[in-house]
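**Q** give me a 3D structure for the following:
(2 chains)
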Protein chains: 2
Amino acid sequence: MPQTVSTGELTGLLVRVFLRHGVSAENAGPVAETVVAAERDGAVSHGLLRLPGYVLTLKSGWVDGRAVPVVTDAAPGLVATEAANGFAQPALRAGAPLLREKARRQGIAPVAIRNSHHFAAVWPDIEPFAVEGFIALAMVNGRQRMVVWGGKRKLLGTSPMAFACPRPGRLPLVWDQASSVMAQGEVLLAAQHGKMLPEGVGLDADGRPTTDPRAVLDGGSILPFGGHKGSSIAFMIEILAGALTGGPFGFEDRSHEYPGAQTPKAGQTVILIDPLHVPGNRYFERIESLFGAIKASGVERLPADRRYAVRKQSLRNGIPLSDRDWETLQKLLA
Amino acid sequence: MPQTVSTGELTGLLVRVFLRHGVSAENAGPVAETVVAAERDGAVSHGLLRLPGYVLTLKSGWVDGRAVPVVTDAAPGLVATEAANGFAQPALRAGAPLLREKARRQGIAPVAIRNSHHFAAVWPDIEPFAVEGFIALAMVNGRQRMVVWGGKRKLLGTSPMAFACPRPGRLPLVWDQASSVMAQGEVLLAAQHGKMLPEGVGLDADGRPTTDPRAVLDGGSILPFGGHKGSSIAFMIEILAGALTGGPFGFEDRSHEYPGAQTPKAGQTVILIDPLHVPGNRYFERIESLFGAIKASGVERLPADRRYAVRKQSLRNGIPLSDRDWETLQKLLA
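**A** As a prediction, this is how the structure comes out:
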């Protein structure tokens, strides 16, 4: 059995998995590509590791793999997309041509996506826009796992945010980060291995600080990064991805009514800015002087550099799959 | 001598101070109002405490108090303002009518301001827009004080960001925070009082961690909040407030050539979003359920609550001025 696959081969396999489990042909491609992008770039926490979660969620009926997103030209500078309880990636894809056109013409445009399930990394959503020359910002809300600073109970999702900016003749700068001090997956891993968490990561069900990962998972909550400042960032994300879009807030999550469901049903806002509209900013000339200064200040690696390095290897040599990944794929295809 | 003044009286006094030190009548109002807003709300670090800094900077020739901002209708959804080496507040004021009109019509609009001096809190810039029903986001870059995560030398400003969202029948939620783990002013205060800093606040001139505030001030740097995540936020701010606007980057600062100069010459981007354009989001109905849930989760105070409470007192009883503040005012008016 082959242990190394090309990105094309892996995409083909994943499309078959999604088709096999109730995802439409239109939706299978965009979802599969996001999983492959993560695996290709060594971002394994959002790669094949998530595949069983996708399938379990589809089986639970919590997400509609056949949803048809509805794109609305809501205002001259605004796209609104109803994901109709489907995955987020096909919804973003459906509105992208209109979003791009508006951003080019208006200088800036957001798409507000609601009732979407985002179970992937966020950077694959925006990197392509930055390659096309846009500055891009994306925020996703999600089901409650994190406490608002000063609170006792979980209320917001881990609130990921991603940012990308174009660079002349190079791959974009891209970062993507949760607003929680630790990912839910890492807390889960600590619990499975019987390890304690560092101080400052979580609260128990009574809102008291704890280093016991089981107490965090059992009705407790994860803290925001950087104290009240990270909490404020998460707050903004909840408002732009939840309130603006009309998608569910983190605390309105009902996934527990669908045993096996793992994806958040929430909202997402992606904002594109065309830097060429500001007269005299010489964006593409000046941006490299910033990157040069960052390097000269002693910074050896930019966000995304590691992903780009692994990607280069994967595109050249293929993506290595573990026996376990391969077995999972075969099982989900059976 | 009066120890308590109304906001109107204080504004009048400050306008006279600014006129006395080379600020035009058009510019004196907006700058004075920002200082008064901070003092009125108990945000004293950005209130009268900064007045001598404004005057010293004006005397140094680093900022042009008589600058006439030039507003350009850069794209259907974008305003670009050349602050012409003047203060940021008159530049924002000059573009505000066009910005507001565009955001109402397009759904979203930013103003990109460059070559502006922002020496005030950022929340007074956006709170009024949120009162009018806009979601507002502001980012300001500034002269280098902070290291990029992983670097050894200062490169970015403390990179403040502010966010505001409207609430039906209530004052907006507003937050405003530096992306550094500690304000430059607090480091200065520690140095003056001979106190050491907590761990994780600063690096010395060689890029080594230090708790000595003098080492931080003497060629060292302040760290971003929340490690690499806060650094990523600051990175975004530098790109949106510096690269997009065409204003100087933090590391291009030349204020040291103007003895006494304290303000950063940099850029600022303010983005307005009209939440009413997204069909069916029921923003003004749903937003209060979020605030209700936050309160129910145990959060007793939202960002801005303390400012609003002090403001209420100030509007009712006047703003108490210390002998020292009063003497400073008299001296600057002499």
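**Q** look at residue A:119 and give its secondary structure.
**A** Residue A:119 carries the three-state label coil when classified by DSSP: H, G, I helix; E, B strand; the rest coil.
**Q** so what does it have for phi and psi?
**A** Recorded main-chain torsions at residue A:119 are phi -120, psi 20, according to degrees, to the nearest 10.
**Q** residues contacting it?
**A** Residues counted as contacts of residue A:119 (C-beta atoms under 8 Å, 6 or more residues apart in numbering or on different chains) are A:50, A:53-54, A:57, A:87, A:262-264. Where you see a C-beta, it was placed from the backbone N, CA and C, and this is true even at glycine.
**Q** make JSON lines from the residues you listed and add secondary structure to it.
**A** Rendered in JSON lines, the data for these read as follows (three-state DSSP):
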{"residue": "A:50", "secondary structure": "helix"}
{"residue": "A:53", "secondary structure": "helix"}
{"residue": "A:54", "secondary structure": "helix"}
{"residue": "A:57", "secondary structure": "helix"}
{"residue": "A:87", "secondary structure": "strand"}
{"residue": "A:262", "secondary structure": "coil"}
{"residue": "A:263", "secondary structure": "coil"}
{"residue": "A:264", "secondary structure": "coil"}
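**Q** and chain B, which of those reach it?
**A** By C-beta under 8 Å from any C-beta of the partner chain, no member of the contacts of residue A:119 lies near chain B.
**Q** top of those residues by number of neighbours, please.
**A** Ranked by neighbour count under the definition other C-beta atoms under 10 Å in any protein chain shown, these are headed by residue A:87 with 30 neighbours.
**Q** which one is residue A:23 nearest to, not counting chain neighbours?
**A** In space, not counting the residues next to it along the chain, residue A:23 is nearest to residue A:65; the distance is 3.5 Å by C-beta to C-beta, 6 or more residues apart in numbering or on different chains.
**Q** that neighbour touches residue A:26, doesn't it?
**A** No - assessed by C-beta atoms under 8 Å, residue A:65 is found out of contact with residue A:26, at 10.2 Å.
**Q** about what we covered before: ok, so of the contacts of residue A:119, who is nearest chain B?
**A** residue A:264 (15.9 Å; C-beta to the nearest C-beta).
**Q** how about that closest one, phi and psi?
**A** According to degrees, to the nearest 10, the main-chain angles of residue A:264 amount to phi -90, psi 140.
**Q** check contacts around it.
**A** When contacts are counted by C-beta under 8 Å, 6+ apart, residue A:264 touches A:117-119, A:141-143, A:157, A:250, A:253, A:255.
**Q** related to what we said a few turns ago, neighbour count for residue A:65 and residue A:26, which is higher?
**A** Regarding residue A:65 and residue A:26, a neighbour count based on other C-beta under 10 Å identifies residue A:65 as having more, with 22 against 15.
**Q** and the pLDDT for the more buried one?
**A** The predicted local distance difference test score for residue A:65 is 98.
**Q** so who does it touch?
**A** The neighbours of residue A:65, taking C-beta under 8 Å, 6+ apart as the test, are A:18, A:21-24, A:27-28, A:58, A:86-87.
**Q** any of the residues you listed buried? List them.
**A** Burial by neighbour count, 16 or more other C-beta atoms under 10 Å in any protein chain shown: within these this picks out A:18, A:21-24, A:27-28, A:58, A:86-87.
**Q** count the residues that sit near residue A:193.
**A** Residue neighbour count, defined by other C-beta under 10 Å, stands at 8 for residue A:193.
**Q** hmm, I typed the wrong one, I wanted residue A:230.
**A** A count of neighbours around residue A:230, defined by other C-beta under 10 Å, yields 26.
**Q** which helix or strand contains it?
**A** helix A:228-237 (DSSP states H and E).
**Q** pairing partners for the following helix or strand past that helix, with directions?
**A** Read in the C-terminal direction, the helix or strand following helix A:228-237 is strand A:265-273, with elements assigned using DSSP H and E. Strands flanking strand A:265-273 in the sheet, each with its direction: strand A:108-117 (antiparallel), strand A:135-140 (antiparallel) (DSSP bridges).
**Q** just say which of the ones you listed is most tucked in.
**A** strand A:108-117 (a mean of 28; mean count of other C-beta atoms under 10 Å in any protein chain shown).
**Q** what's the average pLDDT for that one?
**A** Mean pLDDT, taken over the full extent of strand A:108-117, equals 98.
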